[in-house]
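Student: coordinates only, sequence not included:
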């Protein structure tokens with residue numbers, strides 16, 4: 001089974017400006033994900049999709065291929081990830097004649113997911129004969145929502161103690177796998193039978209806020225000492 005590692009990295013970022021090239025443990029944030037993909041034994045090629053020259057340079061230096069520029073309309077705040085994936089897959093097919101059985105989508109904002117995690121996820125995907133896979137972490141917190149009649153708890157079962165509940169998981173954003181043909185047919189990252197790859201909460205860290213960038217820097221710096 002051939003696997004394309006795809007790392008989407010647009011230049012614009014509202015929450016943390018220039019997030020993908022912010023320094024984390026001595027190198028651009030995106031470099032940690034590019035290395036995880038390049039070092040994974042089950043990933044055949046790592047491609048970064050970007051609209052940004054600085055990101056392109058950093059991606060190439062980290063070992064990725066950047067064979068195309070992402071179209072501007074796919075690099076806006078409103079752009080969804082699915083058309084970005086479709087563009088990359090179709091571009092490689094049309095311009096280089098390359099096709100892959102499976103797409104591995106790796107978000108650059110999850111720098112603590114490793115090559116070993118990627119390889120384990122691919123092994124799970126194959127072992128479960130899945131069509132797609134989502135990386136998750138365990139989430140046992142109770143969730144609430146507001147209603148016109150007041151707040152209500154969403155995931156609470158009064159008949160069970162917390163220790164007796166079935167495990168629940170939170171999507172991490174660190175890694176997705178999907179059958180390429182099925183994705184192109186459905187436009188859905190969770191198409192068909194979906195498997196889960198469970199990461200610990202540290203490895204599943206997905207950076208949205210400045211304090212999470214600081215956390216990633218501290219953890220990665222500690223790992224390297």
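Tutor: Received, thanks. All figures in this text were calculated on a predicted structure; none of them were measured in a lab. Residues are numbered from 1 along each chain as shown.

Student: from here on, just use CA atoms for contacts and neighbour counts.
Tutor: Fine.

Student: mind listing what's buried in the strand of greatest length in the chain?
Tutor: As assigned by DSSP state E, the longest strand anywhere in the chain is strand 169-179. Within strand 169-179, the residues scored as buried using 16 or more other CA atoms under 10 Å are 169, 171-179.

Student: show me what counts as buried in the longest helix along the chain.
Tutor: In terms of residue count, the longest helix belonging to the chain (DSSP state H) is helix 81-96. For helix 81-96, the neighbour count (16+ other CA under 10 Å) marks 84-85, 87-89, 91-92 as buried.

Student: pipe these into CSV and attach pLDDT and distance to residue 211 per row.
Tutor: Formatted as CSV, the buried residues of helix 81-96 follow (pLDDT from 0 to 100; distance: CA to CA, whole Å):
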residue, pLDDT, distance to residue 211
84, 98, 28
85, 99, 29
87, 98, 33
88, 99, 32
89, 99, 34
91, 98, 36
92, 99, 37
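
Student: which of those lies closest to residue 209?
Tutor: Each of these was scored against residue 209 by CA to CA, and residue 84 proved nearest at 23.3 Å.

Student: list the contacts of the closest residue to that closest one other than its chain neighbours.
Tutor: Distances taken as CA to CA, 6 or more residues apart in numbering place residue 74 nearest to residue 84, at 6.2 Å, with adjacent residues excluded. When contacts are counted by CA atoms under 8 Å, 6 or more residues apart in numbering, residue 74 touches 80, 83-84.

Student: nearest to residue 96, of those residues?
Tutor: So of these, ranked by how close each gets to residue 96 (CA to CA), first place is residue 84, at 17.6 Å.

Student: distance check, the closest one against residue 22.
Tutor: According to CA to CA, to the nearest Å, residue 84 stands 22 Å off from residue 22.

Student: and residue 146, by the same measure?
Tutor: 36 Å.

Student: residue 223 too?
Tutor: 19 Å.

Student: who has more neighbours out of the two?
Tutor: residue 22 (15 against 9; other CA atoms under 10 Å).

Student: surely residue 73 is in contact with residue 79?
Tutor: Yes: under the criterion of CA atoms under 8 Å, residue 73 makes contact with residue 79 at 7.2 Å.
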